[in-house]
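Trainee: Here you go, sequence then predicted model.
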Amino acid sequence: QVQLVESGGGLVQAGGSLRLSCAASGRIFSSYVVGWFRQAPGKEREIVAAITWNDGSTYYSDSVKGRFTISRDNVNNRQYLQMNSLKPDDTAVYYCAADIWSYGSGGSAASWGQGTQVTVSS
């Protein structure tokens, strides 16, 4: 099991930027897919972005493509989500996740962080 701790959430105006960080402890296998999910009030959880730990291949949901960038630091066991051009619709609790599967069709994961709130004001 991988332990995950997010940081970097907060309140930002529409059009602004935030960078989320996720520190991982425990063993991350090179084949793992790691990434970020979010859940807004009254809505289902959705995957935002994912990245393969070994080769850095990425996946983005259509709602964030071109605005968000996911990256990872294999040496320090961290992953990041750079969020630009934020919109009020991006307001949600964002969760870091590891060992993600089926990310192209909803997705789930074996390990989860505690979540960090991102609020975008209009």
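Mentor: Looks like it arrived, so ask away.
Trainee: tell me, what residue is most central in the protein?
Mentor: The structure's the chain has its C-alpha centroid closest to residue 36; by Cα atoms, centre = their mean the separation is 2.1 Å.
Trainee: show me the contacts for that one.
Mentor: Residue 36 makes contact with 20, 22, 47-50, 70, 79, 81, 94-97, according to Cβ atoms under 8 Å, 6 or more residues apart in numbering. Every residue, glycine included, has its C-beta placed from N, CA and C.
Trainee: From residue 52, how far off is it?
Mentor: Distance, residue 36 to residue 52, by Cβ to Cβ, to the nearest Å: 14 Å.
Trainee: try residue 94
Mentor: Distance from residue 94 to residue 52, by Cβ to Cβ: 20 Å.
Trainee: More neighbours: those two, which one.
Mentor: Per other Cβ atoms under 10 Å, whichever of residue 94 and residue 52 has more neighbours is residue 94, with 23 against 17.
Trainee: Quick one: the helices in the protein, in order.
Mentor: Along the chain, counting by DSSP state H, no stretch forms helices.
Trainee: In the protein, which strand is the longest?
Mentor: Scanning the chain for the longest strand, with DSSP state E as the assignment, gives strand 92-101.
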